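below is the structure, and that's it, no one-letter string:
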């Protein structure tokens, strides 16, 4: 019995000791489990974060893949475009070469045309010069009749210094002739007449028409003075005789006027060579035909 009690006590002690160790081990395991749970939770948290991050990275990667695919498509399209652009560049280069060749041909043709035009112009100019020169190789009187001051100036401007010396002299003489003749168309002044005579004396050619012009210029003063005297008589007649509206008196006065003018015209028939003087005579007739009493004193101022 005693043994049993002792055994029981020993067993109880052993159980108590074992129970104490067990609790301690249990507690250690609990602590270890808690630590492991914390680690697991931390790992789960890290895994969740890693998974979330991976999802984001996967989304970015997926987007990158899409972009890459789009870029690959763009690259292929760009290559196609580059190939087309290269073909176009080659076509443009070929077209530029063709244009350059055409420009060269056009430039060459233009040069030929310009050269031909210059040659034709030069030939035409030479032909014109030859025709002009030939037209001034006749008699001086004939040249005076077939020319004018304007035509001579025009031809002198055309032939210039290239004309033959004889032709150039003829043109110069004709120019002086027509300039001298202009004096007969102008109002008489001694200065104007002297200038005309000087030009006539400078003319190298000899001709009857030139001699006649010189005589007309020299006699201009005589015709001028005579017409001035005739107009003075008509002014005096206007001052002393008035026809009014009486037909007979008008007729008588007009006859008197015509007689004075007729005396001048018959006495100096060459007055028609003086355009300025003959113009005044015609003006007197026109005035008096309209009204014999109209005064003509202002015509004296025109002489």
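Received the coordinates, thanks. Nothing here was measured: the structure is a model prediction, and the numbers come from that model.

C-alpha only now, for contacts and for neighbours.
Noted.

give me the mean pLDDT for stretch 77-95.
Computed over stretch 77-95, the mean pLDDT rounds to 77.

buried residues, stretch 221-239. List them.
223, 224, 227, 228, 230, 231, 232, 234, 235, 237, 238 (16 or more other CA atoms under 10 Å).

that stretch - what's its average pLDDT?
95.

mind checking the SS state of residue 245?
Recorded secondary structure, residue 245: coil (DSSP: H, G, I helix; E, B strand; the rest coil).

the helix or strand hosting residue 210 packs against which elements?
Residue 210 is located in helix 208-218, with elements delineated by DSSP states H and E. Under the contact definition 3 or more CA pairs under 8 Å, 6 or more residues apart in numbering; DSSP states H and E, helix 208-218 sits against helix 140-146, helix 165-181, helix 190-202.

at 7 Å instead, please
helix 190-202 (3 or more CA pairs under 7 Å, 6 or more residues apart in numbering; DSSP states H and E).

pull out the buried residues from the helix it packs on.
Under 16+ other CA under 10 Å, the buried positions of helix 190-202 are 192, 193, 196, 197, 199, 200.

for the protein, just list every one of the helices.
For the chain, the helices defined by DSSP state H cover 2-135, 140-146, 149-159, 165-181, 190-202, 208-218, 220-240, 247-267, 275-290, 298-302.

and those, which is most packed in?
Among those, ranked by average contacts under mean count of other CA atoms under 10 Å, first place goes to helix 165-181 (a mean of 20).

pull the residues that contact that helix.
133, 136-137, 144, 149, 152, 156, 196, 199-200, 203-205 (CA atoms under 7 Å, 6 or more residues apart in numbering).

of all those residues, which comes closest to residue 91?
Nearest to residue 91 among the contacts of helix 165-181: residue 156, at 59.9 Å, using CA to CA.

measure that closest one to residue 201 for me?
Distance, residue 156 to residue 201, by CA to CA, to the nearest Å: 21 Å.

do residue 73 as well
Taking CA to CA as the measure, residue 73 falls 103 Å from residue 201.

and for residue 101?
67 Å.

turn the buried residues of helix 190-202 into JSON lines, including pLDDT.
Below are the buried residues of helix 190-202 laid out as JSON lines (pLDDT from 0 to 100):
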{"residue": "192", "pLDDT": "96"}
{"residue": "193", "pLDDT": "97"}
{"residue": "196", "pLDDT": "97"}
{"residue": "197", "pLDDT": "97"}
{"residue": "199", "pLDDT": "97"}
{"residue": "200", "pLDDT": "97"}
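
so for residue 40, what's the pLDDT?
56.

let me redo that: residue 10
Per-residue confidence for residue 10 comes out at a pLDDT of 58.

also residue 98?
At residue 98, pLDDT is 81.

likewise for residue 247?
Note for residue 247: predicted pLDDT of 90.

how about residue 15?
Per-residue confidence for residue 15 comes out at a pLDDT of 54.

can you check residue 28 too?
Residue 28 is given a pLDDT of 77.

next: the one 5 residues further on.
pLDDT recorded at residue 33 is 72.
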